[in-house]
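Engineer: please work out how this folds:
(4 chains)
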Number of protein chains: 2
Amino acid sequence: MATEEYHELRRGQVAEAVTRLIAVHGFDGVTVAKTAVEAGVSVGMVQHYFSTKDDMVRYAYTRVTERTVARMERRATELDRRHHSSIRHALTEGLAERLPLDDARRTEWRVSFAFAARAVDHPALATVRTSTESAIRSRLAEAIHNGKECGEVPDGADADAQAAGLLALVDGLGLHTYLDPSMTRLALSELDRALSAVFPGTCRENRPR
Amino acid sequence: MATEEYHELRRGQVAEAVTRLIAVHGFDGVTVAKTAVEAGVSVGMVQHYFSTKDDMVRYAYTRVTERTVARMERRATELDRRHHSSIRHALTEGLAERLPLDDARRTEWRVSFAFAARAVDHPALATVRTSTESAIRSRLAEAIHNGKECGEVPDGADADAQAAGLLALVDGLGLHTYLDPSMTRLALSELDRALSAVFPGTCRENRPR
DNA sequence: TTGCTTTCAATACGGCCATATTGTCAATGC
DNA sequence: GCATTGACAATATGGCCGTATTGAAAGCAA
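Structural biologist: Have a look, this model is predicted:
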């Protein structure tokens, strides 16, 4: 194995330990020593691969956000390409991937939220967050734009504004759903309602993307 | 002055120091010692009025949320009673009070968010948060119900669901606006759009509340 | 006056944390 | 063969934290 590959493997091993610790004990439960134990390695080994704790945490953050975003993208693309869903439906399902709908996603949501909250006071983490979100937002705006060309979205719509609104709604619904899992169905229906408001029409033939 | 009153004054003095510290240095910047310095008192004095740090923090949290909720309520009521605004408009403005629209509200938002994030891992704080939010939600649902009787809201609307959706949207918009103040106008217009979707109609005479 | 309670102030204490230091051992280069 | 480097492990260090302890004033009841 290439040494570079091995290096990334080790870093990943530590990063996964960080996310597991956050999932169980919250962000405050993450210390270098505990991470080492959780990863089954020594403190010195962690230090060897991450020069500071901040470094370690930031790496873990980028990992978990990348995983979430990739899943959203995959779900939406799958519906779009394979099942020829409407853009509205593909986006609804893609965005829903971000919600804490089952135990796995609850854990992931909790970890992401813990990171996001620290990002407010922590420029290094804030960079990760803002770049990820602006990527999602432009991806959304692009889809809305495609919706116009295809007839699902009215011509006058402000794609950027609506994209921002949708993302904000999903984040808010995620928070409320996390704190009160019993409102899961309600969150999904509100998400659906919002998407229907943005995409009130039906696709004509020969739609793009 | 009654001793009870004096007691509350002291506790308030400490609580305000806590919120100031969070506003400047984030939640992690709050320690008992620093709070004492910020409040201009001794550590022993803080201990005298709060048996644990948790106690101190929880008290500060209830204070800041009460302040925010009171301002929202006041603004909505003012528009409703004094200016005879539509319910839609009163609610829009009331909910907008929760957004980080200026420096003062940015600070308040940051403090509330720091608390809310800790609440995820911290049952004592979670109680404060959930009770506050369910209060706002039922207040909102009540207003939507009134909107039905008066004609602003269609009869078939699900007041509880829409209330939850609106609150989630506001929380999400707050987060995004905080991280990127340049989207303030966009957030306001999205809020307005959402309220217009819930309250599409116009009030008949003799409306309730 | 005496003694008890409240209100604080100063400081001690024990623990945990991030990081630095130091050393070991194997691989690699020459 | 031998110095060098990379990959760790073990432990030391210094700092900060929450809380406990101790005690000094001050008010007040008897």
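Engineer: three-state assignment of A:T202?
Structural biologist: With DSSP: H, G, I helix; E, B strand; the rest coil as the basis, A:T202 sits in coil.
Engineer: in contact with it, which residues?
Structural biologist: A:T202 makes contact with A:S86, A:G151, A:E152, according to CB atoms under 8 Å, 6 or more residues apart in numbering or on different chains. For glycine as for every other residue, the C-beta is placed from the backbone atoms N, C-alpha and C.
Engineer: out of those, which are buried?
Structural biologist: Among the contacts of A:T202, the ones that count as buried by 16 or more other CB atoms under 10 Å in any protein chain shown are A:S86, A:E152.
Engineer: the contacts of A:T202: which ones sit near DNA strand C?
Structural biologist: Applying CB under 7 Å from any atom of the strand to the contacts of A:T202, one finds that nothing falls near DNA strand C.
Engineer: quick one: which of the contacts of A:T202 is nearest to DNA strand D?
Structural biologist: Within the contacts of A:T202, the smallest distance to DNA strand D is 49.3 Å, found for A:S86 (CB to the nearest atom of the strand).
Engineer: hmm, the closest one is touching A:P200, no?
Structural biologist: No - applying CB atoms under 8 Å, one finds A:S86 not in contact with A:P200, separated by 11.3 Å.
Engineer: are there residues contacting both of these two? Which ones?
Structural biologist: Common contact partners of A:S86 and A:P200 (CB under 8 Å, 6+ apart): A:E152.
Engineer: stretch A:101-109: how far from the chain's middle?
Structural biologist: Put simply, stretch A:101-109 sits 11 Å off its chain's centre (CA atoms, centre = their mean, to the nearest Å).
Engineer: in the record's domain split, what are the boundaries for chain A?
Structural biologist: Chain A breaks down by automatic domain parsing into domains covering A:1-51, A:53-198.
Engineer: do the last one and DNA strand D meet?
Structural biologist: Right, the one you point to is domain A:53-198. No - judged by CB under 7 Å from any atom of the strand, domain A:53-198 makes no contact with DNA strand D; its nearest approach is 12.2 Å.
Engineer: same deal with the first one?
Structural biologist: Yes - using CB under 7 Å from any atom of the strand, domain A:1-51 reaches DNA strand D at A:T3, A:Y6, A:H7, A:R10, A:V41, A:S42, A:V43, A:G44, A:M45, A:Q47, A:H48.
Engineer: can you flag the buried ones in those?
Structural biologist: Buried by 16+ other CB under 10 Å: A:R10, A:V41, out of the residues of domain A:1-51 next to DNA strand D.
Engineer: turn the residues of domain A:1-51 next to DNA strand D into TSV, including distance to B:E78.
Structural biologist: Formatted as TSV, the residues of domain A:1-51 next to DNA strand D follow (distance: CB to CB, whole Å):
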residue	distance to B:E78
A:T3	67
A:Y6	65
A:H7	61
A:R10	60
A:V41	60
A:S42	62
A:V43	58
A:G44	62
A:M45	61
A:Q47	58
A:H48	61
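Engineer: pull the distance from the helix or strand in which A:A164 is found to the chain's centre.
Structural biologist: Assigned by DSSP states H and E, A:A164 belongs to helix A:159-179. In terms of CA atoms, centre = their mean, the gap separating the centre of helix A:159-179 from the centre of its chain is 12 Å.
Engineer: do stretch A:17-27 as well
Structural biologist: For stretch A:17-27, the gap between its own C-alpha mean and the chain's C-alpha mean amounts to 17 Å (CA atoms, centre = their mean).
Engineer: the residue nearest the centre of chain A: which element?
Structural biologist: Relative to the mean C-alpha position of chain A, the nearest C-alpha, by CA atoms, centre = their mean, is the one of A:T68, at 3.9 Å. A:T68 belongs to helix A:53-77 when assigned by DSSP H and E.
Engineer: that helix and DNA strand C in contact?
Structural biologist: Yes - Helix A:53-77 reaches DNA strand C (CB under 7 Å from any atom of the strand) through A:K53, A:D54.
Engineer: contacting residues for the closest residue to A:Q47 other than its chain neighbours?
Structural biologist: Spatial nearest neighbour of A:Q47, excluding adjacent residues (CB to CB, 6 or more residues apart in numbering or on different chains): A:V32 at 7.5 Å. Neighbour list for A:V32: A:V43, A:V46, A:Q47, A:K53, A:M56 [criterion: CB under 8 Å, 6+ apart].
Engineer: next one, pLDDT for the residue in chain A that DNA strand D sits nearest to please.
Structural biologist: For chain A and DNA strand D, the shortest gap (CB to the nearest atom of the strand) falls at A:G44, measuring 2.1 Å. A:G44 is assigned a predicted lDDT (pLDDT) of 97.
Engineer: output the domains of chain A as CSV; include the columns distance to B:T19.
Structural biologist: Listed next are these as CSV, based on distance: least, CB to CB, whole Å:
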stretch, distance to B:T19
domain A:1-51, 20
domain A:53-198, 14
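Engineer: and those domains, which is most packed in?
Structural biologist: Highest mean neighbour count among the domains of chain A (mean count of other CB atoms under 10 Å in any protein chain shown): domain A:53-198, with a mean of 19.
Engineer: what's the average pLDDT for that one?
Structural biologist: Domain A:53-198 comes out with an average pLDDT of 95.
Engineer: host element of the spatially closest residue to A:I87 that is not a sequence neighbour?
Structural biologist: Nearest residue to A:I87 in three dimensions, chain neighbours excluded: A:G147, at 4.9 Å (CB to CB, 6+ apart). Here A:G147 is covered by helix A:123-150, with elements defined by DSSP H and E.
Engineer: that helix vs DNA strand C: in contact?
Structural biologist: No - for helix A:123-150, no contact with DNA strand C is found by CB under 7 Å from any atom of the strand; the gap never falls below 11.8 Å.
Engineer: chain center to that helix: distance?
Structural biologist: That offset, for helix A:123-150, works out to 11 Å (CA atoms, centre = their mean).
Engineer: from A:V41, how far off is A:Y6?
Structural biologist: Look at A:Y6 and A:V41: by CB to CB, to the nearest Å, they are 14 Å apart.
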